[in-house]
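Asker: Predicted coordinates and the sequence they were generated for:
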Amino acid sequence: MADPEPLLRLEGVCKSYGIGTPVPVEVLHDIDLTLQAGEFIALTGASGSGKSTMLNIIGLLDRPTAGRLIIEGRDTSALDDTDVTSLRGHRIGFIFQHHCLISAFTALENVMMPMLVDKAFPSEAMRVRAHELLAKVGLTKWQDNLANNMSGGQQQRVAIARSLAMKPGLILADEPTGNLDSKSADDVFALMREVNQSEKTTFLIVTHNLDLAARTDRIIDMIDGRIVQSSAEAQANAKA
Amino acid sequence: MTSWLPFEWIAALRFLREGRMQTIFILTAVAIGVAVIVFMSAMLSSLQANFLKRVLTSQAHIQLVPPDEVARPQRLSTAGSMVAATIQRPTQRTRSIDQWQTFVTMLASWPGIVTVSPTTSASALAIRGAASRSVTLTGIEQDLYFRIVRIPDYIVSGTAQVLTDDILVGTDLARELGVTLRDKIIIRAASGATRTLTITGIFDLGNKGANLRSTFVALRTAQALSDLVGGVTTLDLTVTDIYAAETIARAVQAATGVEADSWIKTNAQFFTAVKAQQSSNTLIRLFVGLSVAFGIASVLVVSVIQRSKDIGILRAMGSSRGQILRLFLLQGGLLGIFGAILGAGVGGAGLVFWHSYMRQADGSEIFSLIFEPSLFIGAVVLAGLTGIAAAAIPALGAARLDPVVAIRG
Ligand SMILES: Nc1ncnc2c1ncn2[C@@H]1O[C@H](COP(=O)(O)OP(=O)(O)OP(=O)(O)O)[C@@H](O)[C@H]1O
Ligand SMILES: [Mg+2]
């Protein structure tokens, strides 16, 4: 029996910076990686090991210098900027470390934003969906607050609601709890897990917090631009 | 979020609102520039329109006058010899236009010509007791002439009626001769003919020279005094399209062989002045426009830098480069349009205020204000386009931002 088509595959992905300069630096070396639909994964590694770089490539914000990225069976290397943008908007959600809401808009409007960007004109349906999502992250009361007037933990919860707006298959989170106190970090992490289980959305979460990483299905550990462990065995190590 | 506005408009308005200080400052700058332009342009066009009105209600649009007399020396010229001649310009007599009745009939049905008014002018002396003043005597068919020059509007005492023995004089001439309404004065024409006329009306043309020199009598009276019985020295014409006057004048001259001068030609100085004003006005507009453009551009350059994180996030959420480009072009356009609306209001209000303060000595207005809607609409549209053009470079920069770099901040 053939494996079902994975959510996403990286095949021999390399990334170099400074191409064309006297000293190009390769920061990702020949990465092979497969993510299955519905997985809840932690991406760990020392600072500078290439976690964000890999996340940006997976999220179609950046392109690999070599290798292929296949999302839901589609090879993305052949896509032009417009197609890449559209694929990113529809299939991938992002949660960044800090200030990742747009401060000129309210919480509700931030959650509507991916839908607005997609459809151009706001609609009642978008508002209703944004409402539901804010309810899911427990911020109904805050919906009309400007992003700036909310705590870090609340902002990250709005960001989670926003990342879900387009019902993406994959959510990429780059240190989503990096700026939060441990209680808030815990809540945000729990929320992501809950969404993962209820919506079957795949999460790939960069974190330095090994306790949080231990609560995922799988840990991908990076050293110097290479994946050194990607399995439940890492999970066992983390727990030990 | 208003549901009839698309994403770019919503975001542009929010960004402008959030960057309140920058927005207020640049709006003020744009408004000042536009206010200056609106104030200046409206004032100039009011002045011009008023001047035109004054010119065109006090003179003919086209005048037909007999040609200058030229000396034609009779000389024997033999081949191979040269003759050095000094030709003196002959003194100009008052002459009639040949076949003027024919021309009156012809011009009355000429397309574009409204009124044809024959007049006879002559120099004369106005005498009262020991005092005498030299005046220009204009003999008129009053019904026709008043359609061209509205003497009745300028009458300060008496009426504008001129029968055979009547004369209309200006206020200054009346004062200098020490006469009033119903007094009699003696007119002695250059031809030597003399006549006693009764003052039936005194006018004020608003100009001392004119009030001193102009006098109006019946056409027959002027003809008799200047020895030109049955003749006229001038045909005054008005036309429907005043700017076509020169073209019509050329055509009339070609058809009649009589020199035809349009108001455009006789007021060449005015048109030169208007041209000079217009070109300096254009220069000022250009420079104000440039400084508005640079102001908007510099605000947006800073805004793109400040908002690079937002731009990165929007790109990550799936906004296209085109959306980002339009978002910033729109901000430029909106700054231009709102600044211009403010400025047009301030400029217009300033003009009304200034106009109510600037009064002639007698308290009457110097000129009447004319507001053309096209000036305001034009200013707003142009400022909007200037804003969009000014936003081009920052907006392109924003659209080209690498989202990875933008998000990292
Ligand atoms: N634009 C760039 N130009 C040159 N080098 C870069 C650039 N971006 C990242 N790098 C380098 O690539 C390497 C990996 O960076 P990356 O940001 O992916 O690390 P990271 O694992 O996310 O680190 P951290 O935990 O600190 O966020 C680093 O050595 C970094 O200096
Ligand atoms: Mg990183």
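Answerer: Sure thing, it's come through. Ligands and ions are numbered 1, 2, ... in the order given.
Asker: which stretches of the stretch 151-300 of chain B form strands?
Answerer: Applying DSSP state E, counting those that start in this stretch to the stretch 151-300 of chain B gives strands spanning B:155-158, B:166-170, B:184-189, B:194-203, B:214-218, B:234-239, B:259-262.
Asker: Kindly report the same for chain A.
Answerer: A:8-17, A:25-35, A:40-45, A:66-71, A:74-75, A:92-95, A:170-174, A:202-206, A:218-223, A:226-231 (DSSP state E).
Asker: Doesn't B:R133 lie inside a helix?
Answerer: No. If the criterion is DSSP: H, G, I helix; E, B strand; the rest coil, then B:R133 is strand and not within a helix.
Asker: which one of the strands of the stretch 151-300 of chain B lies closest to A:E72?
Answerer: Judged by C-beta to C-beta, the one of the strands of the stretch 151-300 of chain B that comes nearest to A:E72 is strand B:234-239, at 79.0 Å. In short, each C-beta sits where N, CA and C put it, glycine included.
Asker: what mean pLDDT would you report for the closest one?
Answerer: The average pLDDT within strand B:234-239 is 92.
Asker: now that strand: how far from the chain's centre is it?
Answerer: In terms of C-alpha atoms, centre = their mean, to the nearest Å, the centre of strand B:234-239 is found 21 Å from the chain centre.
Asker: Now tell me what touches that strand from outside.
Answerer: In this structure, residues lying in contact with strand B:234-239 by C-beta atoms under 8 Å, 6 or more residues apart in numbering or on different chains are B:60-65, B:97, B:100, B:103-104, B:107, B:112-121, B:145, B:147-148, B:245, B:248, B:252, B:258.
Asker: and the strands of the stretch 151-300 of chain B as a markdown table, adding mean neighbour count?
Answerer: Supplementary listing: these in a markdown table, determined by neighbours: other C-beta atoms under 10 Å in any protein chain shown:
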| stretch | mean neighbour count |
| --- | --- |
| strand B:155-158 | 16 |
| strand B:166-170 | 25 |
| strand B:184-189 | 18 |
| strand B:194-203 | 19 |
| strand B:214-218 | 24 |
| strand B:234-239 | 23 |
| strand B:259-262 | 20 |
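Asker: Just the terminal-to-terminal distance for stretch B:153-170.
Answerer: Stretch B:153-170 has an end-to-end distance of 13 Å (C-alpha to C-alpha, to the nearest Å).
Asker: typo on my end, it should be stretch B:367-379
Answerer: Stretch B:367-379: ends 23 Å apart by C-alpha to C-alpha.
Asker: What mean pLDDT does it get?
Answerer: In this model, stretch B:367-379 carries a mean pLDDT of 84.
Asker: Now do A:D75 against chain B, distance only.
Answerer: 20 Å (C-beta to the nearest C-beta, to the nearest Å).
Asker: Can you tell me which of the strands of chain A is nearest to B:A84?
Answerer: Among these, strand A:8-17 comes nearest to B:A84, with 94.6 Å by C-beta to C-beta.
Asker: Spell out whether the closest one and chain B are in contact.
Answerer: No. Figure legend: strand A:8-17 not in contact with chain B (C-beta under 8 Å from any C-beta of the partner chain); closest approach 10.8 Å.
Asker: Could you list every helix and strand in contact with that strand?
Answerer: With contacts defined as 3 or more C-beta pairs under 8 Å, 6 or more residues apart in numbering or on different chains; DSSP states H and E, strand A:8-17 has these neighbours: strand A:25-35, helix A:51-58, strand A:66-71.
Asker: What are the buried residues along the lengthiest helix in chain A?
Answerer: Assignment by DSSP state H gives helix A:182-199 as the longest helix of chain A. Residues of helix A:182-199 classed as buried: A:184-189, A:191-193, A:195-196 (neighbour count, 16 or more other C-beta atoms under 10 Å in any protein chain shown).
Asker: Give me the mean pLDDT for that helix.
Answerer: Averaged over helix A:182-199, pLDDT sits at 90.
Asker: Can you tell me what sits against that helix?
Answerer: Everything outside helix A:182-199 that qualifies as a contact, by C-beta under 8 Å, 6+ apart, is A:38, A:40, A:136-137, A:151-153, A:156-157, A:160, A:164, A:167, A:171, A:173, A:176-177, A:180, A:201-203, A:205, A:209, A:212, A:215.
Asker: Isn't A:R9 up against A:G67?
Answerer: No. Contact criterion C-beta atoms under 8 Å: A:R9 and A:G67 do not qualify, at 10.2 Å.
Asker: What's the per-residue pLDDT of B:Y154 here?
Answerer: At B:Y154, the model reports a pLDDT of 89.
Asker: Enumerate the beta-bridge partners assigned to the residue lying closest to it once chain neighbours are set aside.
Answerer: Spatial nearest neighbour of B:Y154, chain neighbours left out: B:F203 (4.3 Å); criterion: C-beta to C-beta, 6 or more residues apart in numbering or on different chains. With DSSP bridges as the criterion, B:F203 is bridged to B:I155, B:G170.
Asker: returning to what we had before: lowest-confidence stretch among the strands of chain A?
Answerer: Ranked by mean pLDDT, those bottom out at strand A:226-231, with a mean of 80.
Asker: Closest residue of the stretch 151-300 of chain B to ligand 1?
Answerer: Residue of the stretch 151-300 of chain B nearest ligand 1, by C-beta to the nearest ligand atom: B:L300 (25.4 Å).
Asker: Relative to B:I337, which of the strands of the stretch 151-300 of chain B is closest?
Answerer: When the strands of the stretch 151-300 of chain B are compared (using C-beta to C-beta), the closest one is strand B:234-239, at 41.1 Å.
Asker: May I have the strands that pair with that closest one, each with its orientation?
Answerer: In its sheet, strand B:234-239 lies beside strand B:62-65 (antiparallel), strand B:113-128 (antiparallel), with partners assigned from DSSP bridges.
Asker: most tightly surrounded among the ones you listed?
Answerer: Each of the strands paired with strand B:234-239 was scored by mean neighbour count; the highest is strand B:62-65, a mean of 22, by mean count of other C-beta atoms under 10 Å in any protein chain shown.
Asker: need the contact list for the nearest residue to B:V252 once chain neighbours are set aside.
Answerer: Nearest residue to B:V252 in three dimensions, chain neighbours excluded: B:A260, at 4.5 Å (C-beta to C-beta, 6+ apart). B:A260 makes contact with B:62-64, B:249-250, B:252-253 under the criterion C-beta under 8 Å, 6+ apart.
Asker: Also B:G158?
Answerer: B:G158 makes contact with B:168, B:181-182, B:199-202, according to C-beta under 8 Å, 6+ apart.
Asker: residues near B:V162, how many?
Answerer: B:V162 has 25 neighbours, counted by other C-beta atoms under 10 Å in any protein chain shown.
Asker: B:T194 reaches B:T221, doesn't it?
Answerer: No. Counting by C-beta under 8 Å, B:T194 does not reach B:T221; the two are 12.0 Å apart.
Asker: and the closest residue to B:V274 other than its chain neighbours, what element?
Answerer: Sequence neighbours aside, B:Q48 is the residue nearest to B:V274 in space, at 6.0 Å (criterion: C-beta to C-beta, 6+ apart). Secondary structure assignment for B:Q48, by DSSP states H and E: helix B:20-58.
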